[in-house]
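Engineer: sharing a model prediction with you, sequence too.
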Amino acid sequence: MARWIDVAAATDIPDGGKTCVHADGKPVVLCQVAGALHAVLNVCPHAGLPLGEGELRGKVLTCPFHGFAYNIETGRNVDFVDDVPLSKVPVRVTEEARVEVDVEQG
């Protein structure tokens, strides 16, 4: 069963932008791409470092430490197809324009 946690106002994440939040003690990166919100754990699967400090260009979020690049929609590494994908987190926007995530399902 989903356990939704309020983490931000929808207006906090501009289109083409990202923000880092915590949900139940877990670090999460929220990204908005072409009007759609995406959420992933703020941990690069390559080395465990904070991915949210990286650059978001279109659908691609790049780790600032080793340059590994991930498609934020799919979680897949864009350069190495066999690489471990990002841990995607379910995200939704409420009627009150609040962003909620379910880190238990991520």
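Structural biologist: Sure, I can see it. Numbers count the residues shown, from 1 in each chain.

Engineer: ranges for the helices of the protein?
Structural biologist: Along the chain, no segments are classed as helices by DSSP state H.

Engineer: output the longest strand belonging to the protein.
Structural biologist: With DSSP state E applied, the strand covering the greatest number of residues in the chain is identified as strand 26-33.

Engineer: avg pLDDT for that strand?
Structural biologist: Throughout strand 26-33, pLDDT has a mean value of 97.

Engineer: same deal with stretch 4-22?
Structural biologist: Predicted confidence along stretch 4-22 averages 97 (mean pLDDT).

Engineer: any idea how far it is from the middle of the chain?
Structural biologist: Relative to its parent chain, stretch 4-22 has a centroid offset of 9 Å by Cα atoms, centre = their mean, to the nearest Å.

Engineer: and it, end to end?
Structural biologist: Start-to-end span of stretch 4-22 (Cα to Cα, to the nearest Å) is 13 Å.

Engineer: one more: stretch 62-75?
Structural biologist: Start and end residues of stretch 62-75 are separated by 12 Å (Cα to Cα).
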